[in-house]
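Student: would you be able to build a 3D model of this:
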Amino acid sequence: MPALSPRFTSADSVVAALRTAGCVFAEDEARLILAAARTPAELADMVDRRVIGHPLELVVGWAEFRGLRITVAPGVFVPRRRTEFLVDQALARVPDASVVVDLCCGSGAVGAALAAALGPVELHAADIDPAAVDCAGRNTADAGGRVHTGDLFEALPADLRGRIDILAANVPYVPTDEVALLPTEARDHEPLVALDGGTDGLDILRRVAAEAPRWLAPGGCLLVETSERQSAAALDAFTRSGLTPRLAVSEELYAHIVIGTRAA
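Tutor: Next up, the predicted model:
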């Protein structure tokens, strides 16, 4: 822990500043900020950023995801704990996967977590946002991940067609008119392209579902996160694409994952 800034004479003073700003878990957040800050000036800056509403993960530079420390950076979508359920479902459906793609990868957390659980795999991640691609490259490097920039499947190497065992696509699914209703931390500090899913929130999901069968290996699975009220329409999109769909729900995490399997 660095020497405390003149503005913060004790760890308790950091907690007090965070609590005054409305941070519910002020003690836990203070502990993380104090551990991450390298100098008194950096500590003061980090507390200031958190107080004005920057996400804690962006303040300290990492997020925990399925036991991994995932590097995050300004302008990159912060992985949510509920998305761990998508990883669990992928591993349950294709436990021997050898080719994994993390589409709309953001930080690359899903791909990194899948590779950590599966062992040596051919891992690819792709995103349209260069900032996300840079971040994902760092998070998947230990797994030998290859990261690509581009719009959905256009970003992927052509030789992946028909070979993907797990295609995880954490697509944006917030309806355009509801983006303004998101919590400030997401609305003001995460890229719109990672949030806005079009008029009903399913524009990107439909595009992914339509193309996925050409990229999946026989028996391979597409997994997409959505909301409870969108799940019926998402299942229909998977059916129309020729995939065999099912819905997995975690009440604890409030997570809804649509899974589409290509016939073996």
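
Student: assign residue 211 to helix, strand or coil.
Tutor: Here residue 211 is recorded as helix under DSSP: H, G, I helix; E, B strand; the rest coil.

Student: which ones are touching it?
Tutor: Going by C-beta atoms under 8 Å, 6 or more residues apart in numbering, residue 211 touches 152, 153. (C-beta placed from N, C-alpha, C; glycine too.)

Student: quickly note the distance from residue 246 to residue 235.
Tutor: Distance of residue 246 to residue 235, computed by C-beta to C-beta, to the nearest Å: 8 Å.

Student: what do these two both touch?
Tutor: With C-beta under 8 Å, 6+ apart as the test, residue 246 and residue 235 both reach residue 258.

Student: the more surrounded of the two?
Tutor: Legend: neighbour count by other C-beta atoms under 10 Å for residue 246 and residue 235, higher for residue 235 (19 against 15).

Student: nearest residue to that one other than its sequence neighbours?
Tutor: Computed as C-beta to C-beta, 6 or more residues apart in numbering, the closest residue to residue 235 that is not its neighbour in sequence is residue 245, at 4.7 Å.

Student: same question, residue 27
Tutor: Distances taken as C-beta to C-beta, 6+ apart put residue 15 closest to residue 27, at 5.5 Å, once the chain neighbours are dropped.

Student: ok, now residue 105?
Tutor: residue 125 (3.9 Å).

Student: do the same with residue 172
Tutor: Nearest one to residue 172, counting by C-beta to C-beta, 6+ apart, is residue 197 at 4.5 Å.

Student: buried ones in stretch 226-246, by neighbour count?
Tutor: Neighbour-count burial for stretch 226-246, counted by 16 or more other C-beta atoms under 10 Å, picks out 226, 227, 230, 231, 234, 235, 237, 238, 241, 243, 245.

Student: again with stretch 37-47
Tutor: By 16+ other C-beta under 10 Å, the buried positions in stretch 37-47 come out as 37, 43, 44, 46, 47.

Student: who's in contact with the residue nearest to residue 27?
Tutor: 26, 27, 30 are the contacts of residue 15 under C-beta under 8 Å, 6+ apart.

Student: how about those residues in TSV, adding pLDDT, neighbour count and secondary structure?
Tutor: Compiled in TSV, those are given as follows (pLDDT from 0 to 100; neighbours: other C-beta atoms under 10 Å; DSSP: H, G, I helix; E, B strand; the rest coil):
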residue	pLDDT	neighbour count	secondary structure
26	90	18	helix
27	91	13	helix
30	91	23	helix
